[in-house]
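Participant: From the sequence below, what's the structure:
(3 chains)
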Amino acid sequence: MGDLWDAIVEAMRLIVSLDPEVMEIAWRSLWIAAISSGVSFLLISLPLGCLIHFNEFPGKGLVIGLIQTLFSMPAVAVGLIVFVLFSRSGPLGVLDLLFTPAVMIIGQIILVTPVTLGLVISALRGIDKAVPETAVALGASPWQAALVTVREAKFAIVTAYVMGFARAISEVGVSIMVGGNIRGYTRTLTTAISLETSKGAIEFSLALGFILIFIALLVNVVLFQLQHRRVYALWRS
Amino acid sequence: MEEILSTVFEVKKTLKVRRSCKWLVLLIGLILVDLLAGCASNEDNAVPALPKKGRLRVATTTSLYDTGLWGYLEPMFEKRYGVELDVLYAGTGIALEYGRRGDVDVITVHDRAREEQFIAEGLGTERVPFAYNYFVIVGPEKDPAGIRGLTPEEAFRKIEETRAAPFISRGDESGTHVREKQIWAGAGYNYENIRKSGDWYVEAGTGMGATLAMAAEKGAYTLSDVGTFLAYQSKTGLVPLVSKGAGLLNVYTAIVCSKTKSREAAENLVTFLTSEEIQSLIGRYGAADYGAPLFTPCAGQPEPTS
Amino acid sequence: MALIETEGLGQEFNRLPILKGINLRIERGEVFVLIGPTGAGKTTLLRLLDLIDRPAHGRIIFDGTDVSHSRRERLAARRRMAYVQQKPIVLSMSVFDNVACGLRFRHEDRRTLRRKVGETLELVGMIDYQDRDARTLSGGEMQRVAIARALVTDPEVLLLDEPTANLDPLSVAKIEGVIGEIIEGKLITIVMATHDMVQGQRMATRIGVLIGGELLQSGPADEVFRSPKDDRVAAFVGTKSPH
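Facilitator: Here you go, the predicted structure:
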């Protein structure tokens, strides 16, 4: 118990004193996770989720089942696969992306997309199909009708993004395998925790852990505001 | 193509026109800001924007890292040669694998047998020893198995026979771990039997620092390089019990990997490590903090054998 | 030329036929009321006419063009019509935004949009509610919003699916009033489904009787009621059978 308390105190001290190295890795954790989850959500899951949900095709149930199975993909496994792909002796080695933030983002996108995709589809499922039908009846094209449905489901849809972000910022397996945990370049909070732990610096590791949770809290407060502004507006009328 | 354009146009218009889509715009804005910031922060502060080629990767054994030596040398190298140095904390086994795959440009490791095989396979140009120290067998002050002053092999035998205290092994194919196995073999044991022989033998699977911490926690013995041991001594309270013996010599070498794409920078690093100035710095590293230097420089001399 | 024509139109659900051999002509500017018992297939037929669903058999010809197949043509034709569902759902936005939907789908410019939405809300008597969240409205109010939503796009055809079902008499009167004003004020074709015969008789130019998925008779109101062609029609409208 003393250890935990010491760690919390240490975490506060690191934050308040704006320790430069800690700030640097915290910022890196944040922007890498934001980009991975953002790209995964906006460019892949939202459009693909709409396509899957609004169209019937053979094997649709299987596809959705597969997506949900991939929720449980271990980050380390994804990290290994991406490592082997992007290693200089691997098929994509010529891109020379290993041990850079870019490949960490790619790996995280692979890790996080099943989650955001599955939750987007789940969110859309929760909306009565009368919604897109009404839109269509009013002259909406298929994509316009999809957008209307997305708006009706916005609470659950934003949650899909939040889950993606959470998975991205908290993972170690991908970051450490393909990023290499290089100080000043690819080190993030989670990889730093891993390193410090393996060096035996438990207190510092815990402190970093608390900072990570603190960041996640900040992000969620912001998104919470966005979600609930609408609920408040409804209540107001 | 037309359909894609019209869809994008529709999406844009739909988004712009809906006042209540503020939240979506904000979210996108947040992400875009991060993206831009990411591009900005990709450039390290000290060195101005470099083309991709300006990064050199070295995979290092953990003991060179845990002692802080790399943290000490890295900025000096970067400043002198204008190359970003990426130090990967790896452990000998992984470092060799990275070198094999061509994912790093230089490796600094400490396992002669595997290094020679690495060269023999054409994966490295030559072994360049640049520093050495010794392994030590460390343990609790009260030395329950009574190994103080023995040879390494005798000490191991006593630890196994008495089992008065546990033994923590790195268990991770690191240079230290390989050396530990060699000592067991020298003492006449079959390593596989040791692994199965009981709870007294603990395979930690962690770096040197964490292994030392575990040994301190359990009042156990372990094999460590003297550098990391001294760096952590105040925290662990362990003491060196066996520090003499041919089997304890620990030579660090740097090897340029054959598959490197930055040969010039890689060779610069080796030149740097073996240069007179740096050699003398290595020879003094840690003296102030730990009472004795952690390494002895040896570049250019015949490789030490004891 | 009729505005909407169907030839041998048929629809199935899970292989079971719901509509069979529907041959229909709807003339420009008329009020065509589809009457029939619940489950006769009125909603199914309206959905086919609005080109929401594809028919299992037959063709639909809208303003001279066969719209059975091409997606683009169906969309274009659909945008000239408007459909108010039986239990309309409102989207989670203000009344104004709900009504503006159709115009926004058509990329109407802001100023015109404001004007048209305002006018239509006045027409249905909901102008004071425009900033309210549509989900907080009563049944009758939602129905009027749905009608406004459909009307604002200036459709050539307005399809109404039992617009006054489940409403209290006061709301029914209001809605009928609104429809009456629409008929008087605009050049519009109305296709309305109802099981209320009296309402049908009151409002229709022509009536179509749909029973068991078949269009048994269609023609001017008194013709249908006074001279039913079929036992089933007679039974439904309550007149003596012709035989």
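
Participant: all helices for the chain, in order.
Facilitator: All of this is about chain A. Using DSSP state H, the helices of chain A run over A:2-16, A:20-38, A:46-54, A:60-69, A:75-86, A:101-125, A:130-137, A:142-152, A:154-170, A:173-179, A:189-199, A:202-236.

Participant: right idea, wrong chain: chain C
Facilitator: C:42-49, C:71-78, C:95-105, C:110-123, C:139-151, C:169-185, C:197-203, C:221-226, C:231-237.

Participant: could those helices be laid out in a markdown table, adding mean neighbour count?
Facilitator: C-beta here means a position set from N, CA and C on the backbone, and glycine is covered the same way. What follows is these, written out as a markdown table (neighbours: other Cβ atoms under 10 Å in any protein chain shown):
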| stretch | mean neighbour count |
| --- | --- |
| helix C:42-49 | 23 |
| helix C:71-78 | 16 |
| helix C:95-105 | 25 |
| helix C:110-123 | 16 |
| helix C:139-151 | 24 |
| helix C:169-185 | 15 |
| helix C:197-203 | 17 |
| helix C:221-226 | 16 |
| helix C:231-237 | 18 |
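
Participant: Just put the helices of chain A in a markdown table and tack on distance to chain B.
Facilitator: Listed next are those as a markdown table, based on distance: least, Cβ to the nearest Cβ, whole Å:
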| stretch | distance to chain B |
| --- | --- |
| helix A:2-16 | 13 |
| helix A:20-38 | 4 |
| helix A:46-54 | 9 |
| helix A:60-69 | 22 |
| helix A:75-86 | 8 |
| helix A:101-125 | 7 |
| helix A:130-137 | 11 |
| helix A:142-152 | 5 |
| helix A:154-170 | 7 |
| helix A:173-179 | 10 |
| helix A:189-199 | 4 |
| helix A:202-236 | 4 |
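
Participant: Kindly reformat the ones you listed as JSON lines containing mean pLDDT, distance to chain C and mean neighbour count.
Facilitator: Formatted as JSON lines, these follow (pLDDT from 0 to 100; distance: least, Cβ to the nearest Cβ, whole Å; neighbours: other Cβ atoms under 10 Å in any protein chain shown):
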{"stretch": "helix A:2-16", "mean pLDDT": "79", "distance to chain C": "39", "mean neighbour count": "14"}
{"stretch": "helix A:20-38", "mean pLDDT": "92", "distance to chain C": "25", "mean neighbour count": "22"}
{"stretch": "helix A:46-54", "mean pLDDT": "94", "distance to chain C": "14", "mean neighbour count": "18"}
{"stretch": "helix A:60-69", "mean pLDDT": "94", "distance to chain C": "18", "mean neighbour count": "13"}
{"stretch": "helix A:75-86", "mean pLDDT": "94", "distance to chain C": "36", "mean neighbour count": "20"}
{"stretch": "helix A:101-125", "mean pLDDT": "96", "distance to chain C": "14", "mean neighbour count": "24"}
{"stretch": "helix A:130-137", "mean pLDDT": "89", "distance to chain C": "4", "mean neighbour count": "22"}
{"stretch": "helix A:142-152", "mean pLDDT": "93", "distance to chain C": "5", "mean neighbour count": "22"}
{"stretch": "helix A:154-170", "mean pLDDT": "91", "distance to chain C": "9", "mean neighbour count": "22"}
{"stretch": "helix A:173-179", "mean pLDDT": "93", "distance to chain C": "37", "mean neighbour count": "28"}
{"stretch": "helix A:189-199", "mean pLDDT": "88", "distance to chain C": "38", "mean neighbour count": "23"}
{"stretch": "helix A:202-236", "mean pLDDT": "75", "distance to chain C": "5", "mean neighbour count": "16"}
